[in-house]
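Participant: structure, please.
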Amino acid sequence: MELSVERVDVWAAPIPDKPGALSALLKTLHKAGADLSFVIARRVPDKPGTGVVFVTPLQGEQEIRAASEAGFNVTQSLHSIRIMGQDKAGILAELTQALAEGGINLRGMSASVVGSQFVAYVGVDSLEDVNHAMHVLSRV
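Facilitator: Below is the predicted model of the structure:
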């Protein structure tokens, strides 16, 4: 099967848990030219009144400067891979099985299908795990 597998930097920023907070951060990134392909935001359960947003990609000096000024940092503890390909029933089961057989413990996964294509973001614990997972996935 033909897959596109690449390492991606994920950027994170804290956000207040209030209406418009996420919109303000996303507008800042948009004004700097960012064309985001992945955004996930959630409340932080152990810090009432706060949330966190994760985005990728941020590229170029202008986007990175705007992101830094808005409170974004590259996550040092979240190592991620983007996997894209033709959707088919059971594709995620197949990919996660291959990763499991390769000894890769997943920290997290998000996936969706648009039309006939799927995209999945996989989080692992280290850069070494990223490299090993990419090798495993190259053989699927």
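
Participant: can you pull out the strands in this structure?
Facilitator: Along the chain, counting by DSSP state E, strands occupy 3-8, 11-16, 38-43, 50-56, 73-74, 79-86, 108-114, 117-124.

Participant: ok, residue 108 - contacts?
Facilitator: When contacts are counted by C-beta atoms under 8 Å, 6 or more residues apart in numbering, residue 108 touches 78, 122-123. Glycine gets a C-beta too; all of them are placed from N, C-alpha and C.

Participant: mind putting those residues in JSON lines, pLDDT, neighbour count and distance to residue 49 included?
Facilitator: Shown next, in JSON lines, are those (pLDDT from 0 to 100; neighbours: other C-beta atoms under 10 Å; distance: C-beta to C-beta, whole Å):
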{"residue": "78", "pLDDT": "84", "neighbour count": "16", "distance to residue 49": "23"}
{"residue": "122", "pLDDT": "96", "neighbour count": "26", "distance to residue 49": "30"}
{"residue": "123", "pLDDT": "95", "neighbour count": "19", "distance to residue 49": "25"}
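
Participant: need the strands of the chain in CSV with distance to residue 137, can you?
Facilitator: Shown next, in CSV, are these (distance: least, C-beta to C-beta, whole Å):
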stretch, distance to residue 137
strand 3-8, 5
strand 11-16, 23
strand 38-43, 18
strand 50-56, 18
strand 73-74, 22
strand 79-86, 6
strand 108-114, 13
strand 117-124, 9
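
Participant: how about the contacts of residue 108 in CSV, adding distance to residue 25?
Facilitator: Formatted as CSV, the contacts of residue 108 follow (distance: C-beta to C-beta, whole Å):
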residue, distance to residue 25
78, 18
122, 24
123, 21
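
Participant: of those residues, closest to residue 140?
Facilitator: residue 122 (12.7 Å; C-beta to C-beta).

Participant: which residues does the nearest residue to the closest one once chain neighbours are set aside bridge with?
Facilitator: In space, and not counting its chain neighbours, residue 122 is closest to residue 81: 4.8 Å by C-beta to C-beta, 6 or more residues apart in numbering. Beta bridges link residue 81 to residue 7, residue 122, judged by DSSP bridges.

Participant: all set, thanks.
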